[in-house]
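# structure of the sequence below:
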Amino acid sequence: MEVMCEITGLSQRRACRLAGLSLSTCRYSVQRPAADAQLSLRITELALERRRFGYRRIWQLLRREGLHVNHKRVYRIYHLNGLGVKRRRRRKGLATERLPLLRPDAPNLTWSMDFVMDSLASGRRIKCLTCVDDFTKECLTITAAFGISGVQVARILDGLALFRGYPATIRTDQGPEFTCCALEQWAFEHGVELRLIQPGKPTQNGFIESFNGRFRDECLNEHWFSDILHARKIINDWRQDYNESRPHSSLNYQTPLEFAACWRNGKHEEKPTDITN
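Predicted coordinates:
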């Protein structure tokens, strides 16, 4: 109607009469309650603080703060404010038959390990050893160093066992750090099964691959590390936030530590995994 008035020079009342529209309809504007303004501000603050979180995780964070709002309302405000997360393009793989990667039914039955590579501001490469419990989704360690050998991997696992105990199984790829004699000897001495996936099939270790994707997307890609100490500080802070504060979709939007506590108290709810291999 505004365009019609500008082109023809007619008044809004005359233009509405010619178009057969009610003047009140033309002049109506949606009046959002003041609460929407406060909610919009908080949603924007959370989205800027956690730039890789979508509206569902923002909604869960609001609920944790005591703001029990409908997820559709959060979705509307989230997108009206232009806060949608830009998805990074993934290379398409070959269409192959995939079988479900079964999730264990208790903590410490299966751990998954892998390496993630990154670099410092100087260009020097760093290597991060990641390890998660496949049941609780807890990130047990992210150890950043310039190089990590099989002997060092064994020492890191011994450190985890001091407060958590040894797992029944550890799933890894066939990298040299995981197939060396030092780690095999360590596994034999502590009764741990080393389960190696097939070469070129990372989806057989889908739990850690999924975690590594979140780690790179929310931590490594969001920071510029000046040196190895700076990298370790940022990475450790992110790991702590991941375990204690980040809602996990496969845990019914509980944090890993909350889920582990509920399991110990016999109050956890199972949710089937959607990870496939």
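
# what sits against Ile142?
128-131, 215, 235-236, 238-239 (C-beta atoms under 8 Å, 6 or more residues apart in numbering). Where C-beta positions appear, they are placed from N, C-alpha and C, glycine not excepted.

# which residue packs closest to Asp105, ignoring adjacent ones?
Among residues not flanking Asp105 along the chain, Phe135 sits closest, at 6.9 Å (C-beta to C-beta, 6 or more residues apart in numbering).

# ok, now which ones touch that neighbour?
103-110, 263.

# so what would you say the end-to-end distance of stretch 212-230 is?
End-to-end distance for stretch 212-230, by C-alpha to C-alpha, to the nearest Å: 20 Å.

# that should have said stretch 107-127, apologies.
27 Å.

# phi, psi of Leu67?
Backbone torsions for Leu67, taken as degrees, to the nearest 10, come to phi -90, psi 90.

# surely Cys128 is within a strand?
Yes. Per DSSP: H, G, I helix; E, B strand; the rest coil, Cys128 lies within a strand segment.

# that one pairs with what?
Val116, Ala144 (DSSP bridges).

# count the neighbours of it for me.
23 (other C-beta atoms under 10 Å).

# coming back round to it: pick the one among the contacts of Phe135 closest to Phe53.
Arg103 (23.7 Å; C-beta to C-beta).

# name the element that closest one belongs to?
Here Arg103, judged by DSSP states H and E, is contained in no helix and no strand.

# distance of it from Leu83?
To Leu83, Arg103 is 32 Å away according to C-beta to C-beta, to the nearest Å.

# likewise Glu6?
32 Å.

# chain center to stretch 139-159, what's the gap?
The chain centre lies 22 Å from the centre of stretch 139-159; the measure is C-alpha atoms, centre = their mean, to the nearest Å.

# could you pull up phi and psi at the residue positioned nearest the centre of the chain?
Centroid check for the chain by C-alpha atoms, centre = their mean gives Arg214 as the closest residue, at 4.1 Å. Phi and psi for Arg214, reported as degrees, to the nearest 10, are phi -70, psi -40.

# apart from its neighbours in sequence, what residue is nearest it?
That would be Tyr242: by C-beta to C-beta, 6+ apart, it lies 7.6 Å from Arg214.

# how far does stretch 61-76 stretch from start to finish?
End to end - C-alpha to C-alpha - stretch 61-76 spans 16 Å.

# what are the contacting residues of it?
Taking C-beta under 8 Å, 6+ apart as the rule, stretch 61-76 contacts 39, 42-43, 46, 50, 53, 55-56, 58-59, 247.

# and with 7 Å instead?
Outside stretch 61-76, the residues within contact range by C-beta atoms under 7 Å, 6 or more residues apart in numbering are 39, 42-43, 46, 55-56, 58-59.

# I'd like the average pLDDT over that stretch.
Averaged over stretch 61-76, pLDDT sits at 88.

# how far does it sit from the chain's center?
Between the centre of stretch 61-76 and the centre of its chain there are 19 Å (C-alpha atoms, centre = their mean).

# I figured His190 hits Gly165, correct?
No. Assessed by C-beta atoms under 7 Å, His190 is found out of contact with Gly165, at 9.9 Å.

# between those two, which one's more packed in?
The residue with more neighbours, out of His190 and Gly165, is His190; 14 against 11, by other C-beta under 10 Å.
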